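Enquirer: sequence-free structure coming up:
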């Protein structure tokens, strides 16, 4: 019935908790495929030990080729009708797959999508899809599958690891994905997969823990190569082939590209005609509120922009980021600045979260006219060209 695939590369410190959580599932009719993508930290030995001790575990050792090649190797080896995924530094609650399989059996769906927990330090936040729970044909959800209509909220979360997907869909989609993709690879499996599915079930099951470890946060600071971003976007654009206009894939992909650049290549947007925060005058002193992926992208840009001074960097999870040697302070630190800043930039891609952050910072006595989030010109602009301002 089920093949659970775990792509592994240098994840030895987390691998035991991950694989134990799969082996201890209440649902047992499954095989567990550990794909060791050339690990050099002892992962090879850990995988082999599980293969000896647990009859359901199979191990694939391969030369390092990246996460896409590891996923493809797992799919090629899989025997189950459906494939589930667990990343090697995450873990799942014991009834996770039992719940997903029950939904699939009752509905006959090709894809079952769940929510997840986003764990940072001791904080754990529930994240759900923005399409209501229920079973849908692809025609009913394709117009909002990538972009729900509110910036920036996915209609269906793009992760592989919170879904069950028919193996034949995974095989078909995987053939079209470039092995060089290293960021956003889930997107190229999930959304084209939904386009190939006949029935998709969205659930409120929440039992997967997506864990932000010190090294995973550090990796997310790295700027992806422009070539890889172009390959990712081109892969998504291929979804438009033979698609009906009412699916709005053009506009959805424009919004996705904006959000992606906010997280990974903020400088591209800052040089465009419609910079995310509007024009920030030279000589301004700014506070960056948010140290997640967008916060780090914004911080890296302004760190090297001599015309703008970063006065402080704040986040409610400041202790976890300081453990990583980020210079981050609690939001309350703004009181100590004695108004020695011109703007507080809320660095969060999600409107609802940004609104809550804005309300909180204003409750600390910050004037509303000093708080900035993404401008309506940036969010609503439907153009795909993103022409660079030649004066920038």
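Expert: All right, it came through fine. Treat the numbers as computed from the prediction; the structure is a model and nothing was measured. Numbers count the residues shown, from 1 in each chain.
Enquirer: can you list the domain ranges for the protein.
Expert: 2-239, 269-380 (automatic domain parsing).
Enquirer: Could you save those as TSV and add columns showing distance to residue 251?
Expert: Just so you know, the C-beta spots here come from the backbone N, C-alpha and C atoms, and that holds for glycine as well. TSV is the format used below for the domains of the chain (distance: least, CB to CB, whole Å):
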stretch	distance to residue 251
domain 2-239	7
domain 269-380	11
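Enquirer: Check which helix or strand residue 182 maps to.
Expert: Residue 182 belongs to no helix or strand when assigned by DSSP states H and E.
Enquirer: Tell me who's in contact with the residue lying closest to it once chain neighbours are set aside.
Expert: In this structure, residue 182 finds its nearest non-sequential neighbour in residue 66, 5.7 Å apart by CB to CB, 6 or more residues apart in numbering. Counting by CB atoms under 8 Å, 6 or more residues apart in numbering, residue 66 touches 37, 179, 180, 181, 182.
Enquirer: And the closest residue to residue 72 other than its chain neighbours, how far from residue 140?
Expert: Nearest residue to residue 72 in three dimensions, chain neighbours excluded: residue 174, at 5.0 Å (CB to CB, 6+ apart). Taking CB to CB, to the nearest Å as the measure, residue 174 falls 25 Å from residue 140.
Enquirer: again, but for residue 208
Expert: 25 Å.
Enquirer: Which one of residue 174 and residue 140 is surrounded by more residues?
Expert: residue 174 (20 against 14; other CB atoms under 10 Å).
Enquirer: contact partners of stretch 101-109?
Expert: Contacts for stretch 101-109 (CB under 8 Å, 6+ apart): 1-2, 27, 82, 112, 135, 164, 197, 199-201, 203, 205.
Enquirer: Buried residues, it. List them.
Expert: Neighbour counts over stretch 101-109 (16 or more other CB atoms under 10 Å) mark 101, 103, 104, 109 as buried.
Enquirer: Determine how far the last residue of stretch 306-323 lies from the first.
Expert: This stretch, stretch 306-323, spans 27 Å end to end (CA to CA, to the nearest Å).
Enquirer: Sorry, wrong one. I was asking about stretch 3-13.
Expert: OK, stretch 3-13 end separation, CA to CA: 24 Å.
Enquirer: in it, what's buried?
Expert: Buried residues in stretch 3-13, counted by 16+ other CB under 10 Å: 3, 4, 5, 6, 7, 8, 9, 10, 11, 12.
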